[in-house]
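# got a structure for you, letters missing:
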């Protein structure tokens with residue numbers, strides 16, 4: 001696990017927790033696993049997947065009936081991130097407020113991290 005002992009890797013707003021709990025109930029999953037992968041014009045993209053089993057290496061964050069698992073290779077990139085859920089006239093989506101991001105593409109779909117974050121294999 002990466003980070004500060006006793007401090008969760010990410011925080012979840014009340015709106016995000018409500019939406020995640022709703023998705024978990026609808027799908028019957030154990031929660032959402034958040035990770036990152038190479039891709040997009042800025043270099044990296046967030047991933048979100050329903051999961052039926054919790055990987056013992058995942059960082060688990062639970063709040064108000066919502067459960068988010070942070071994939072091991074993503075923990076250092078997501079530490080300090082706030083996950084929110086925003087609804088606008090044209091879309092509803094999860095938003096990541098990540099202090100480790102130094103740039104993002106114009107469409108907001110991909111991100112670039114601070115180069116001082118040590119790279120790990122598998123990302």
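Perfect, I can see it now. Note that this is a predicted model, so its numbers are computed, not measured.
# Which of the three states applies to residue 95?
Taking DSSP: H, G, I helix; E, B strand; the rest coil as the rule, one finds residue 95 in the strand state.
# show me the contacts for the nearest residue to it once chain neighbours are set aside.
Among residues not flanking residue 95 along the chain, residue 84 sits closest, at 4.6 Å (Cβ to Cβ, 6 or more residues apart in numbering). C-beta coordinates here come from the backbone N, C-alpha and C atoms, glycine included. Listed by Cβ atoms under 8 Å, 6 or more residues apart in numbering, the contact set of residue 84 reads 13, 15, 16, 94, 95, 96, 97.
# Sort out which of these are buried, if you could.
When these are checked for burial by 16 or more other Cβ atoms under 10 Å, the buried set is 13, 16, 94, 96.
# Okay, and the beta partners of residue 81?
residue 10 (DSSP bridges).
# Tell me, how many residues neighbour it?
Using other Cβ atoms under 10 Å, residue 81 has 21 other residues around it.
# okay, it: pLDDT?
Looking at residue 81, its pLDDT is 90.
# cool, residue 118 as well?
Confidence for residue 118, expressed as pLDDT, is 52.
# coming back round to it: how far away is the residue nearest to residue 95 from residue 94?
7 Å (Cβ to Cβ, to the nearest Å).
# Now do the shared contacts for these two.
With contacts defined as Cβ under 8 Å, 6+ apart, the residues shared by residue 84 and residue 94 are residue 16.
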